[in-house]
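*Asks:* model the structure of this input:
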Amino acid sequence: MAEPTVPVGGVTFPMQRGPYQNNGASPWYTQTTLGTPGQPLKFAIDTGTNMVWTTSTLCAPTSCQHYSGARFDYIQSSTYEWVDCIQVPFSFGPWGTMQVETGQDVLALPNGSSLPLVLYLSADYSGPQFAQLDWDGGIGIPSGSPYKQGDTSFIVQDMMNQGMISPNLPFVAFDWDGGSSSGNCIIGGYDPDAYDPNQGLFLPWTPYTQFAGVEYIWTCDLASYSVGGKTIATNLQFALDSGSSQFKGDNDLMNNTLQLIQQMGSPPVQLAFPGGGMITVTSDMYEVTIQAGPDQGQTLPQFQPLGLTGLALVGSVVMEYCYTIFAYRVVQCAPGRYSLAPYGMYVFNKPGGPQIVSNGGIASAHQLGQREVVRGKTMP
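*Replies:* Predicted coordinates:
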């Protein structure tokens, strides 16, 4: 059976930046519709989770309060189907918990097609983190098929299995511009004009195993973490999370960073990777003026202890200044059926943008381009 013919570049989801709020969640979202007729909702495209969810009318009028404010009304959708109406908790770890039920409906894609999704309908959540959300739900981009949550959809795998994107282009690319508050996410491709191919890092995926069940996050080895030239941690891990904003992670690491920032007068934070590549985060990146919520008007360093041992995780605080590509290995299980295994992340400087990546340059073995699909065997 011939491989599906798909335009290079996959499907481009336009993204917007909402007001930056001091809740640790990304201000970036894509706006599309769910259900029939389509109900407009704002979704994060979230490499820090492994399921799809939306705020819904299962919530009581006084609960599920969030900045964006929309709710999916499943009763008003002719294509909605229940998968499981038993309400269960879903944990976002240290960030919070919501109560969910499971259903299926169709998501409108930017290219005019639609995709059936199994997703969680939120029935309850509360707390200041949720109250400051700029989006109504999230589309998870886990590191691989084995790590998706239960029966919920993995949009990259589903789009590939339906012939919407090519198995030879197993990429998810983010290009965010904080200055214009606009950007995009390409699922199934990338934009070769949006990055400097000679100034980039390839960061091979390594699972974060300090806590069971979070292998879905996109992590890699980090050789050292320094503040103002002072190394405060070595041999830890780094994660890029498009659903997050600020730096989060190891309590000692984040607390020591905040202390040194105060002592040194906002020095750069440097992340050094095995092989010599480095990402430098300057104070104009990590000191952010809060645009909405209780801390509106304050300029605050974006580092938060979250009890994630040996991990430094960051989202839009860094991703707005670089071009980021998340890459999979693809295994063909049967004609037209694919599974995805984690490969790694690419981080590039943008042409004319700040040079946050140094000592880079992509090794030839990790050049971007058409990828071979593994057939008839599982990945190691």
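*Asks:* so the chain: which segments form each domain?
*Replies:* Domain segmentation of the chain under automatic domain parsing yields 11-187, 200-366.
*Asks:* and those as JSON lines, adding mean pLDDT?
*Replies:* Below are those laid out as JSON lines (pLDDT from 0 to 100):
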{"stretch": "domain 11-187", "mean pLDDT": "96"}
{"stretch": "domain 200-366", "mean pLDDT": "95"}
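*Asks:* now those domains as CSV including distance to D193 and mean neighbour count?
*Replies:* Quick note: C-beta positions are derived from backbone N, CA and C, even for glycine. Below are these laid out as CSV (distance: least, CB to CB, whole Å; neighbours: other CB atoms under 10 Å):
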stretch, distance to D193, mean neighbour count
domain 11-187, 10, 20
domain 200-366, 8, 19
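*Asks:* for E372, which of these is the nearest?
*Replies:* Closest to E372 of those, according to CB to CB: domain 11-187, at 7.5 Å.
*Asks:* could the domains of the chain go into a markdown table alongside distance to A194?
*Replies:* As requested, the domains of the chain are exported to a markdown table (distance: least, CB to CB, whole Å):
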| stretch | distance to A194 |
| --- | --- |
| domain 11-187 | 5 |
| domain 200-366 | 5 |
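*Asks:* ok, V100 - contacts?
*Replies:* By CB atoms under 8 Å, 6 or more residues apart in numbering, the contact set of V100 is 53, 87-90, 120-123.
*Asks:* ok now the helix or strand containing it, how far from the chain's centre?
*Replies:* V100 belongs to strand 97-108 when assigned by DSSP states H and E. Relative to its parent chain, strand 97-108 has a centroid offset of 18 Å by CA atoms, centre = their mean, to the nearest Å.
*Asks:* follow-up on the earlier one: make TSV out of the contacts of V100 and add distance to Q104.
*Replies:* Formatted as TSV, these follow (distance: CB to CB, whole Å):
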residue	distance to Q104
W53	13
Q87	17
V88	17
P89	21
F90	17
Y120	11
L121	10
S122	16
A123	16
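*Asks:* closest one to I279 out of those residues, please.
*Replies:* W53 (30.2 Å).
*Asks:* the closest one - that's part of a helix, no?
*Replies:* No. Using DSSP: H, G, I helix; E, B strand; the rest coil, the assignment for W53 is strand, not a helix.
*Asks:* out of the domains of the chain, nearest to R375?
*Replies:* domain 200-366 (4.5 Å).
*Asks:* quote the end-to-end distance of that closest one.
*Replies:* Distance across domain 200-366, first residue to last, is 11 Å (CA to CA, to the nearest Å).
*Asks:* so where do the strands sit in the stretch 201-350 of the chain?
*Replies:* 219-227, 230-240, 247-249, 269-272, 278-281, 287-289, 299-301, 303-305, 311-314, 323-334, 337-348 (DSSP state E, counting those that start in this stretch).
*Asks:* to clarify, my last question referred to the stretch 1-150 of the chain.
*Replies:* Under DSSP E, counting those that start in this stretch, the stretch 1-150 of the chain gives strands at 11-17, 28-34, 39-46, 52-55, 81-91, 97-108, 114-124, 137-140.
*Asks:* would TSV of those strands with distance to E372 be doable?
*Replies:* Shown next, in TSV, are those (distance: least, CB to CB, whole Å):
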stretch	distance to E372
strand 11-17	22
strand 28-34	30
strand 39-46	26
strand 52-55	29
strand 81-91	35
strand 97-108	30
strand 114-124	26
strand 137-140	26
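*Asks:* of the ones you listed, which is nearest P342?
*Replies:* strand 137-140 (13.9 Å).
*Asks:* quick revisit: out of the domains of the chain, nearest to V374?
*Replies:* Closest among the domains of the chain, using CB to CB: domain 200-366, at 4.8 Å.
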